[in-house]
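S.K.: Sequence first, then the predicted structure:
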Amino acid sequence: MIARRIWHWLLAILIGGWLPVLLVTLWWNASASSENPFFPPLELIWEQFKLNWVFLNVPIHLVPSLQNLFLGFAIGVVAGIGLGALVGVSGAVSRYVEPVVDFFRCIPPVALVPIFILLFGLDSAMRVASIAFATTFPILIATIEGIRGTNLVLIDTASVFGLSRAQMLWRVRLPNAMPVIFGGLQVGFQIAFIVTVASEYLGSGFGLGAFTLIATDSFLILDAWTGVLLLGLLGYALSLVFDIVERLTLRWYYGQKQLA
Amino acid sequence: MTTAIAINGVSMEYVTPEGTTHVLDNVSYEVSEGSFVAIVGPSGVGKTTLLRLLSGLQKPTAGEILIRGERISGPPAGLAVVLQDYTRSLMPWLTVERNIALPLKNQKLSKADRSERIESSLEEVGLSGQGGKYPWQMSGGMQQRASIARALAVRPSILVMDEPFASVDAQTRFDLEDLVLKVRDDFGITTLMVTHDIDEAVYLSDEIVVLHGRPAKVRDVVTVDIPFPRSQIQTRNAPRFAELRTHVYAMVRGLE
């Protein structure tokens, strides 16, 4: 049983892994003798990557980015799910609120960064606020959708059993909406990542966005490449973690789907 | 016998943009304590509406429903429901045990009492040791047993069931029918059940309420004078069983 599981894992890694390995090899070889200053050999980028990110620049550039990302995302999650629950439960509130929500979510999140600079100045409060704001809307919309989708049989059953409105929300409607909410969380997280980087383009000396931008502006092409590489790896790793959390949280949902 | 539920002149209308639908018209009926009552009628006649009114999920447009002399205005305490659609009435994110525990949250019970309630309810419905499973890991019949266990765990004095066995296979259905009879005997719970299966109604009930018409009225109340305990083989073969089912069937179809 366990041997079979390990075999499945290996197979999955093999199937998913051959193309990335091939692409990196191609890049490595094709760039090996490159003289173009903007496309240096991958080998040099890799050397510079180790120099920058193991672990010299981690505290001043990676840590602040991650801090902003997680704090902003967390605020967005709380705000999105909280407001979404409120709006989703009350049909009356939703009719008033929805046009406003639709308006704000249509503004490209990055475009609001300058406004947040006016409001919060140039420090990390501005970045966190931008990330939180951008994250809120996809989560808010998913939560409204999910809460509204609670089947009536479940609600009827719970009300006959004397659950209060708060219990109904917390124990029935929110868990039931989780699969839909997770869709919103996924989109929200991607947006949070984008805004994290974009918010560091303005008025900052720290963070991965700032690092990459400053490197490009100073013609430190190798550094710029390492920044992009790290962002790519980071984004991929975070989305893997996200998937695992989702799988664990929604085990009931996937288990049920598998049997159906 | 004392009256458990009194339905006094209940009428129900739904107002929609297309007009007013008159579902129930001046329905009156009294359920005695501890009896088993089946509500039958052609489909769409308003049986489920009547159950929703009884469960306090909706308010009648006229008339009143009294439980032990008290007019209900919301889901009454001591009433539990089992609905047809078990796949949608058990929470799929909770194990069976936790599903049963959910309605117990508001009853001030010690931890030990609560797990005792859960255990004994599972045992009553023949699901001992299965509480750790998720509903979707069980067969339809087992899920319906689980929702009966959930209803029993709150120690209800009234059990209301809406076509509880409509989505399970015939064999399972017989087993579940005998299960609800056993439950009624063990706890003396007043049981009301909507069904479209007339044989089932005759087999289970003390009395059958036949709804008919649009809007629906109580067409007749049939006393099932077949002694308990009943058995799937003997009772269903008894001449009296055949007479009663023919009689009820004719009324449901509007032939009598």
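M.R.: Received, thanks. Numbers count the residues shown, from 1 in each chain, chains lettered A, B, ... in the order given.
S.K.: In a strand, B:Thr21, correct?
M.R.: Yes. Membership of B:Thr21 in a strand is supported by DSSP: H, G, I helix; E, B strand; the rest coil.
S.K.: Surely it and B:Glu13 touch.
M.R.: Yes. Judged on C-beta atoms under 8 Å, B:Thr21 makes contact with B:Glu13 at a distance of 6.7 Å. (Each C-beta comes from the backbone N, C-alpha and C, glycine too.)
S.K.: Residue ranges in chain A under the pLDDT threshold?
M.R.: A:260 (pLDDT under 70).
S.K.: Spell out which residues of it are next to chain B.
M.R.: Residues of chain A lying near chain B by C-beta under 8 Å from any C-beta of the partner chain: A:151, A:153-154, A:156-164, A:167, A:171-172, A:175-176, A:178, A:252-253, A:255-256, A:259-260.
S.K.: So what are the sheet partners of whichever strand or helix holds B:Gly63 and their directions?
M.R.: Per DSSP states H and E: B:Gly63 is located in strand B:62-67. If you go by DSSP bridges, strand B:62-67 pairs up with strand B:3-16 (antiparallel), strand B:70-71 (antiparallel).
S.K.: quick one on the thing from earlier: of the residues of chain A next to chain B, which qualify as buried by neighbour count?
M.R.: A:153-154, A:156-163, A:167, A:171-172, A:175-176, A:178, A:252-253, A:256 (16 or more other C-beta atoms under 10 Å in any protein chain shown).
S.K.: Secondary structure element holding B:Val81?
M.R.: When elements are assigned from DSSP H and E, B:Val81 belongs to strand B:79-82.
S.K.: continuing past that strand, what's the next helix or strand?
M.R.: Downstream of strand B:79-82, the first helix or strand assigned by DSSP H and E is helix B:86-89.
S.K.: any residues touching that next one, and which ones?
M.R.: By C-beta atoms under 8 Å, 6 or more residues apart in numbering or on different chains, the list of residues contacting helix B:86-89 from outside reads A:151, A:153-154, A:157, B:82-83, B:135-136, B:140, B:143-144, B:146-147, B:167.
S.K.: Scan chain B for its longest helix.
M.R.: In chain B, with assignment by DSSP state H, the single longest helix is helix B:170-187.
S.K.: For that helix, list the C-alpha coordinates in CSV.
M.R.: This file holds the C-alpha atoms of helix B:170-187, laid out as CSV (Å, rounded to 0.1, in the frame of the first residue of the first chain):
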residue,chain,number,x,y,z
ALA,B,170,-37.1,-1.6,-1.5
GLN,B,171,-35.3,-3.9,0.9
THR,B,172,-33.7,-1.1,2.8
ARG,B,173,-37.1,0.6,2.9
PHE,B,174,-38.6,-2.4,4.8
ASP,B,175,-35.8,-2.4,7.3
LEU,B,176,-36.1,1.3,7.9
GLU,B,177,-39.9,1.0,8.3
ASP,B,178,-39.4,-1.5,11.0
LEU,B,179,-36.7,0.7,12.5
VAL,B,180,-39.1,3.6,12.9
LEU,B,181,-41.7,1.4,14.5
LYS,B,182,-39.1,0.2,17.0
VAL,B,183,-38.1,3.8,17.7
ARG,B,184,-41.7,4.7,18.3
ASP,B,185,-42.1,1.7,20.7
ASP,B,186,-38.8,2.4,22.5
PHE,B,187,-39.3,6.1,23.2
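S.K.: Remind me what it packs against, helices and strands.
M.R.: Packing partners of helix B:170-187 (3 or more C-beta pairs under 8 Å, 6 or more residues apart in numbering or on different chains; DSSP states H and E): helix B:111-124, helix B:140-153, strand B:158-162, strand B:190-194, helix B:198-204.
S.K.: B:Val81 contacts B:Leu57, correct?
M.R.: No. Assessed by C-beta under 8 Å, B:Val81 is found out of contact with B:Leu57, at 9.0 Å.
S.K.: Report pLDDT for B:Met1.
M.R.: On pLDDT, B:Met1 comes in at 67.
S.K.: mind checking how far A:Ser204 is from chain B?
M.R.: Per C-beta to the nearest C-beta, to the nearest Å, A:Ser204 is found 42 Å from chain B.
S.K.: tell me the SS of that residue?
M.R.: Recorded secondary structure, A:Ser204: coil (three-state DSSP).
S.K.: Nearest the geometric middle of chain B, what residue?
M.R.: For chain B, the residue nearest the mean C-alpha position is B:Met161 (2.1 Å; C-alpha atoms, centre = their mean).
S.K.: and that one, what is it in contact with?
M.R.: If you count contacts by C-beta under 8 Å, 6+ apart, B:Met161 has them with B:Val81, B:Val82, B:Leu83, B:Val180, B:Thr191, B:Leu192, B:Met193, B:Val194.
S.K.: coming back round to it: now that we have the contacts of helix B:86-89, which of them are buried?
M.R.: By 16+ other C-beta under 10 Å, the contacts of helix B:86-89 give A:Val153, A:Leu154, A:Thr157, B:Val82, B:Leu83, B:Pro135, B:Trp136, B:Gln143, B:Gln144, B:Ala146, B:Ser147, B:Ser167 as buried.
S.K.: May I see those organised as TSV, with distance to A:Ser204 added?
M.R.: TSV is the format used below for the buried ones among the contacts of helix B:86-89 (distance: C-beta to C-beta, whole Å):
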residue	distance to A:Ser204
A:Val153	52
A:Leu154	48
A:Thr157	53
B:Val82	61
B:Leu83	57
B:Pro135	51
B:Trp136	49
B:Gln143	56
B:Gln144	61
B:Ala146	56
B:Ser147	57
B:Ser167	61
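S.K.: Among these, list the two that are farthest apart in space.
M.R.: Maximum pairwise distance in the buried ones among the contacts of helix B:86-89, criterion C-beta to C-beta, is 18.0 Å, between B:Val82 and B:Trp136.
S.K.: for chain A, what are the nearby residues on the stretch 151-256 of chain B?
M.R.: Checking the stretch 151-256 of chain B against chain A by C-beta under 8 Å from any C-beta, the hits are B:Val154.
S.K.: Where does the stretch 151-256 of chain B get nearest to chain A, which residue?
M.R.: B:Val154 (6.8 Å; C-beta to the nearest C-beta).
S.K.: Burial check on that residue, number of neighbours?
M.R.: 22 (other C-beta atoms under 10 Å in any protein chain shown).
S.K.: looking at chain A, which residue lies furthest from center?
M.R.: Largest separation from the mean C-alpha position in chain A: A:Val160, at 39.5 Å (C-alpha atoms, centre = their mean).
S.K.: So it is in contact with B:Gly78, correct?
M.R.: No. A:Val160 is not in contact with B:Gly78 according to C-beta under 8 Å; the separation is 11.1 Å.
S.K.: Would you mark the buried spots in the longest helix of chain B?
M.R.: For helix B:170-187, the neighbour count (16+ other C-beta under 10 Å) marks B:Thr172, B:Arg173, B:Phe174, B:Leu176, B:Glu177, B:Asp178, B:Leu179, B:Val180, B:Leu181, B:Val183, B:Arg184, B:Phe187 as buried.
S.K.: In CSV: those residues, plus pLDDT.
M.R.: Shown next, in CSV, are the buried residues of helix B:170-187 (pLDDT from 0 to 100):
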residue, pLDDT
B:Thr172, 86
B:Arg173, 87
B:Phe174, 88
B:Leu176, 87
B:Glu177, 89
B:Asp178, 89
B:Leu179, 88
B:Val180, 88
B:Leu181, 90
B:Val183, 86
B:Arg184, 88
B:Phe187, 87
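S.K.: For the residue in the stretch 51-200 of chain A positioned nearest to chain B, which non-adjacent residue is spatially closest?
M.R.: Closest to chain B within the stretch 51-200 of chain A is A:Phe161: 3.6 Å, counting by C-beta to the nearest C-beta. Of all residues not flanking A:Phe161 in the chain, B:Pro103 sits nearest, at 3.6 Å (C-beta to C-beta, 6 or more residues apart in numbering or on different chains).
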